[in-house]
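Q: The following comprises the amino acid sequence and a computationally predicted model.
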Amino acid sequence: MEFLFENILNLIGFVVGLSIGLMSYIGFKNTGSPTLFRLSIAFFSICVGFFIIWTGYMAEDFLIKSGQIERWIQTLGIGIQTIGYFFIAFSHSIKSFFPKSRYFRSVGIFPLFLVSLIHIENIFRSISFILLVYAAIETIMSYLENKKKGAISVALGLSLLALGEFLGWYSFVFPESILYYLSISIKIVGLIALFIPVSKIPLTKIKFDEDL
Amino acid sequence: MSPSQNLLSQLCIAEYLVTIILIKSVRCGMAEYRTHMKIIGDILTTTRDDLIDDDGAGVTYLIRKANISHVRISRILNNLVSQGLLEQNTLQGSCRYKISQNGREFLQAYQTFSKFVENFGLAI
């Protein structure tokens, strides 16, 4: 059951990451916008991260058959996804992400040491959670300023991914509980919500760069 | 990891997030920052949609429409002409600018991907 859920999540993550990454890259090639370049890196990283974890599960299922995915593969995949989430947050001007106050800087780093010395994977999950919540807040703020409806769906998607990471993090504390399946289901819904507004962009009218 | 450690770390993260929200809400009241791409989009849109006559738009007209300084717009116009997005004509000693076919295609791509990027709460 765990393998099935993980495979569905990772395949959807791979497809959504690849689609948005490709679209951003096409946009970057046609306009030269640095924002689209950062989004390309972000979503290609997310795509690669999900793909690595999916490959790990498939290798385990058909080749290794030890009953559990290799921990380093999962950590590598989550680490690469975290890079993707960093670039989404970075696109929103990372300046306000790191507060100037020395007190808040120390508080910001504190949880990473407290929680995650046991597993590197936990460190990545906690960083991903912070980055996703930050990006979701920025997107909601942007919606309040511009009233673009697509931003609600993206903000919802990012928030659900953050909640999924949060619950996934808790499932380390309470293993074998329903939290794990809840986390994966929420992440799947989050990825779909992220893709909805992007799928509505009419690419057919654009004459693409011939070098692409 | 003990539950108390976990709870403490969650509280720290919550505090950190509240800080971010406060910083953002302060920043919300500030004037909108226009990116270089947005200025180029404004100039190209003006030369496509807001021309008074068929000879093209003069620098003064573009300065007023795009709302930037003369020095900056001169640099951008030279760049756009050299990249083939604008056509430059000299009429009675003054330069006039018209959008080219490449410029129209670029502007269409710019407008489509602006919408794409706005979905993420970003500016192109």
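A: Arrived safely, thanks for sending.

Q: Look through chain B and state the residue closest to chain A.
A: Here chain B gets closest to chain A at one residue, B:Gly121, 3.0 Å apart by C-beta to the nearest C-beta. Bear in mind the C-beta positions are built from the backbone N, C-alpha and C, glycine included.

Q: Helix, strand or coil: sort out that residue for me.
A: Taken by DSSP: H, G, I helix; E, B strand; the rest coil, the conformation at B:Gly121 corresponds to coil.

Q: Could you check how many residues crowd around it?
A: By other C-beta atoms under 10 Å in any protein chain shown, the residues close to B:Gly121 number 27.

Q: residues touching it, list them.
A: The contact partners of B:Gly121, taken as C-beta atoms under 8 Å, 6 or more residues apart in numbering or on different chains, are A:His92, A:Glu138, A:Thr139, A:Ile140, A:Met141, A:Ser142, A:Tyr143, A:Ala151, A:Val154, A:Ala155.

Q: Skipping adjacent residues, who's closest to the last one in space?
A: By the measure of C-beta to C-beta, 6 or more residues apart in numbering or on different chains, the closest residue to A:Ala155 outside its immediate chain neighbours is A:Thr139, 4.0 Å from it.

Q: Could you count how many residues lie near B:Thr90?
A: Residues lying near B:Thr90 (other C-beta under 10 Å) number 8.

Q: Paired strands for whichever strand or helix holds it, with orientation please.
A: Using DSSP states H and E, B:Thr90 maps to strand B:86-91. With DSSP bridges as the test, strand B:86-91 is paired with strand B:94-99 (antiparallel).

Q: quick one: contacts of the strand it pairs with?
A: By C-beta under 8 Å, 6+ apart, the list of residues contacting strand B:94-99 from outside reads B:44, B:47-48, B:51, B:55-59, B:62, B:77, B:80-81, B:85-90, B:107.

Q: what's the pLDDT at A:Phe172?
A: The model reports A:Phe172 with a pLDDT of 71.

Q: Chain B versus that one, what's the distance?
A: Per C-beta to the nearest C-beta, to the nearest Å, A:Phe172 is found 7 Å from chain B.

Q: Not counting sequence-adjacent ones, nearest residue to that residue?
A: Closest residue in space to A:Phe172, ignoring its immediate chain neighbours: A:Asn122 at 6.5 Å, by C-beta to C-beta, 6+ apart.

Q: lowest-confidence helix or strand of chain A?
A: When each helix and strand of chain A is scored by mean pLDDT, DSSP states H and E, helix A:102-116 comes last, with a mean of 51.

Q: after that one comes which helix or strand?
A: Next along the chain after helix A:102-116, taking DSSP H and E as the criterion, comes helix A:120-146.

Q: Name the residues of that following helix that are buried.
A: Neighbour counts over helix A:120-146 (16 or more other C-beta atoms under 10 Å in any protein chain shown) mark A:121-143 as buried.

Q: roughly how far out does the helix ranked longest in chain A sit from the chain middle?
A: For chain A, the helix with the greatest residue count under DSSP state H is helix A:2-31. Between the centre of helix A:2-31 and the centre of its chain there are 10 Å (C-alpha atoms, centre = their mean, to the nearest Å).

Q: How about stretch B:83-94?
A: With C-alpha atoms, centre = their mean, you get 23 Å for stretch B:83-94.

Q: cool, and stretch B:68-78?
A: Relative to the mean C-alpha coordinate of its chain, stretch B:68-78 is positioned 14 Å out (C-alpha atoms, centre = their mean).

Q: now swap in stretch B:89-103 and tell me
A: Taking the mean of its C-alpha atoms, stretch B:89-103 sits 22 Å from the chain's own mean (C-alpha atoms, centre = their mean).

Q: now the residue in chain A positioned nearest to chain B, nearest residue through space, not along the chain?
A: Residue of chain A nearest chain B, by C-beta to the nearest C-beta: A:Ser142 (3.0 Å). Excluding the flanking residues, the one nearest A:Ser142 by C-beta to C-beta, 6+ apart is B:Gly121, at 3.0 Å.
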